[in-house]
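Student: predicted model and sequence follow; I will ask about them next.
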Amino acid sequence: MLLKFLESFEDYVFVVSFFEKNELGKIKYYKRKLSFLKSFVWERLGSDDKKEINYSEKFWDKNLISKFEEFKKFRTIKKFKSKIISYILNEILGFKIDIDFEKLNFDISTLSDLKNINHEFFISLHDLLRKEGYYISYHLLFEKFYQIANFLINFKYGKGFFYEVYGFYSFIKKELRGRGVNFVESGSVLRFDRIIENICFIVREPNFCPVKFLQSIEVSFEIDRMISIEKEKIFIFKTNLCKVPLIFVISEDYLPYYVYFLFNGRYFPDNFIKHTNDELESFLSKWRELKIYSLDSFFDYLGVNPIPPELVDYPNIFEIAKQDDFQDLVNFEDIKGDLHVHTNFSDGRNTLEEIVKYCKKKGYEYVGISDHVDYFLERAEEYANLRELDGLRIFWAVEENIDPNGDLFSDKNQQAMELVKKLDYLNLSIHSDFKLSEELNFRRLKNALEKQKGLILCHLTTRVLGIRDPINLSNEKIFEIFDYANSKGKFIEINSHLDRLDIDYQLIIDYRLLKNREINIVINTDAHSLEQLDYMEWGVKWARKAFVKKNNVLNTKSLAIFLYSILSKYP
Ligand SMILES: [Zn+2]
Ligand SMILES: [Zn+2]
């Protein structure tokens, strides 16, 4: 019920944001809060004690409730209905009329309901239009309306940022694993596309029934549409919980499907059928002709080294793969620590002890605790001398905001200044004044790199995917910052937070092409909770998409090297 409620609001916010450009920022903010709320609900539903959940107010913490209330007040469903009908009539069909929509007999509360608008609605709308002097045939009105409705519905489904589909994707994967289903992944998520277009699982069990599987999942799970291609055993679901289609392929002979979806799967859901009718079939028959039985023999046949999934869409990758075996690219196993982690000393959710335990489990040698400076001041005395916990080396840092002049809080506050002297390093981030000119942004970042303890420039462009644009700074200027950081022995962060993924991998590629050298990289999660420490895996994938090598990544260095050859320069 609650999920349903959230879903309908999501549709509604989407539609409003589609029409009211001037309020985009505000709406995007709410939209983001909403997806946060949803993932929160999701998390609870996915947990083992899901039977005990009740949806009382206690379920939410105070902060969440107030955000939610704020969101609910934002618009009414009634207004949403009027908006969408007006838009279609005025902007698309060109009827410049004011209609009292309360008189019309229709009931839509979500975008998907547009498909189900009843005939009475069209009859009364048609009558109203005639009275106003507009003549349009009933059928044309009907047809136009559905065209537009379909456009809007498909606009909503079809693509999403990874952070928007991550909850759903992880949930399905966890359920499959939990039931011992033998599967491999392919398609958009496996490539880690910038925009995710599908979630594709290839199940290697002939008797697996995706419909039963989905029905057996104990959550409010509405299958919006299901396309089944029986002959090839491909099932495509659109659900109320995810923006992109969920694809199941059932085959013991999984390899050709894996390759097909990995290399070729750039589809929108609606033209997928067309593709499967011709291209997939000819691909499969070609594959069978060639008698290829392993992935290695597939690459052998092409005369190239095996190409990692996240690189298959790189231009010229087949040419590159003739020479490069990709063995020196950074791997998750190379990561020795995470140097940007928040605890409940500031806005993180977990305690230091919980974080240490989780990092140990990941096989790290060290962790850099990097809370926001003003919060950490109170706790510093208590903790800053703690060097090790449970055998994990702890580095103490703070994340400092770079003000418009490039100065930090600790430049102006005596107590913070004293604290910083005792710390191992500083993480430098822009958290305010996002609208400065390019010149000022360049100057502030350059100034920040002068700070003695500053080691890492975090989430440099400050973008939040789909929500906040990067700061005003051209690639040329960003490259100058990279150069300057290199010359000072400082590091540029790949922030693995799924809604940031900042810096973009394309920047790393472009810098290399232009300058023929590498950036000093560090891959951090900026985790605010234990689960977010898992984002490291995605940060590494992001780096690999830019061919980042292990050697160029700070946090692949062993504790001894990090301590004695790097930190020793930051007394
Ligand atoms: Zn930050
Ligand atoms: Zn942070």
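Tutor: Nice, I can see it. Ligands and ions are numbered 1, 2, ... in the order given.

Student: the stretch 451-571 of the chain against ligand 2: which residues are in contact?
Tutor: residue 526 (Cβ under 5 Å from the ion). For glycine as for every other residue, the C-beta is placed from the backbone atoms N, C-alpha and C.

Student: in terms of pLDDT, where does whichever residue of the stretch 451-571 of the chain sits closest to ligand 2 sit?
Tutor: As assessed by Cβ to the ion, ligand 2 sits closest to residue 526 within the stretch 451-571 of the chain, at 4.2 Å. Note on residue 526: pLDDT of 97.

Student: all strands for the stretch 351-500 of the chain, in order.
Tutor: 366-372, 388-389, 392-401, 425-429, 454-457, 491-495 (DSSP state E, counting those that start in this stretch).

Student: looking at the ones you listed, which is nearest to residue 309?
Tutor: Closest approach to residue 309 among the strands of the stretch 351-500 of the chain is made by strand 491-495 (18.4 Å; Cβ to Cβ).

Student: packing partners for that closest one?
Tutor: strand 454-457, helix 475-487, strand 521-524, helix 536-545 (3 or more Cβ pairs under 8 Å, 6 or more residues apart in numbering; DSSP states H and E).

Student: give the other helices and strands that the first one contacts.
Tutor: I take that to be strand 454-457. Right, strand 454-457 is packed against strand 337-341, strand 425-429, helix 438-449, strand 491-495 by 3+ Cβ pairs under 8 Å, 6+ apart.

Student: re the thing from before, now the strands of the stretch 351-500 of the chain as JSON lines including mean neighbour count and mean pLDDT?
Tutor: Listed next are the strands of the stretch 351-500 of the chain as JSON lines, based on neighbours: other Cβ atoms under 10 Å; pLDDT from 0 to 100:
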{"stretch": "strand 366-372", "mean neighbour count": "25", "mean pLDDT": "95"}
{"stretch": "strand 388-389", "mean neighbour count": "14", "mean pLDDT": "94"}
{"stretch": "strand 392-401", "mean neighbour count": "22", "mean pLDDT": "95"}
{"stretch": "strand 425-429", "mean neighbour count": "25", "mean pLDDT": "97"}
{"stretch": "strand 454-457", "mean neighbour count": "26", "mean pLDDT": "96"}
{"stretch": "strand 491-495", "mean neighbour count": "26", "mean pLDDT": "98"}
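
Student: give me the residue from the stretch 51-200 of the chain nearest ligand 2.
Tutor: Using Cβ to the ion, the closest approach of the stretch 51-200 of the chain to ligand 2 is made by residue 163 at 15.8 Å.

Student: show me what contacts the residue of the stretch 451-571 of the chain closest to ligand 2?
Tutor: By Cβ atoms under 8 Å, 6 or more residues apart in numbering, the contact list for residue 526 reads 340, 341, 342, 458, 459, 495, 496, 497, 500, 532, 535.

Student: just curious, which of those is nearest to residue 324?
Tutor: residue 496 (24.3 Å).

Student: check the gap between the closest one and residue 477 for me.
Tutor: 24 Å (Cβ to Cβ, to the nearest Å).

Student: just to revisit the earlier point, what's the most buried one of the helices and strands packed on strand 491-495?
Tutor: Per-stretch averages of neighbours, counted by mean count of other Cβ atoms under 10 Å, single out strand 521-524 among those, with a mean of 27.

Student: re earlier: wait, the residue of the stretch 51-200 of the chain closest to ligand 2 sits on residue 532?
Tutor: No - using Cβ atoms under 8 Å, residue 163 makes no contact with residue 532, being 10.9 Å away.

Student: for residue 186, name its beta-bridge partners.
Tutor: In this entry, residue 186 is beta-bridged to residue 200, by DSSP bridges.

Student: tell me how many other residues crowd it.
Tutor: 25 (other Cβ atoms under 10 Å).

Student: give me the neighbour count for the closest residue to residue 407 other than its chain neighbours.
Tutor: Nearest residue to residue 407, sequence neighbours excluded (Cβ to Cβ, 6 or more residues apart in numbering): residue 447, at 7.1 Å. For residue 447, the neighbour count with other Cβ under 10 Å is 17.

Student: verify the contact between residue 447 and residue 404 for me.
Tutor: No - under the criterion of Cβ under 8 Å, residue 447 is not in contact with residue 404, lying 10.0 Å apart.

Student: which stretches of this structure aren't confidently modelled?
Tutor: 1-122, 134, 136, 143-158, 218-232, 240, 264-279, 571 (pLDDT under 70).

Student: which parts of it belong to which domain?
Tutor: Per the record, the chain has its domains at 2-156, 162-291, 332-569, by automatic domain parsing.

Student: bridged to the nearest residue to residue 356 once chain neighbours are set aside, which residues?
Tutor: Once flanking residues are discounted, residue 356 sits nearest to residue 389: 4.6 Å by Cβ to Cβ, 6+ apart. On the basis of DSSP bridges, residue 389 is bridged to residue 392.

Student: residue 389 reaches residue 352, doesn't it?
Tutor: Yes - proximity of residue 389 to residue 352 meets the contact threshold set by Cβ under 8 Å, at 7.1 Å.

Student: how far does stretch 334-343 stretch from one end to the other?
Tutor: 24 Å (Cα to Cα, to the nearest Å).

Student: before we move on, what about stretch 287-305?
Tutor: OK, stretch 287-305 end separation, Cα to Cα: 19 Å.

Student: what sits against the nearest residue in space to residue 429 that is not next to it in sequence?
Tutor: Spatial nearest neighbour of residue 429, chain neighbours left out: residue 458 (4.2 Å); criterion: Cβ to Cβ, 6+ apart. For residue 458, the contacting residues are 340, 399, 427, 428, 429, 493, 495, 524, 526, by Cβ under 8 Å, 6+ apart.
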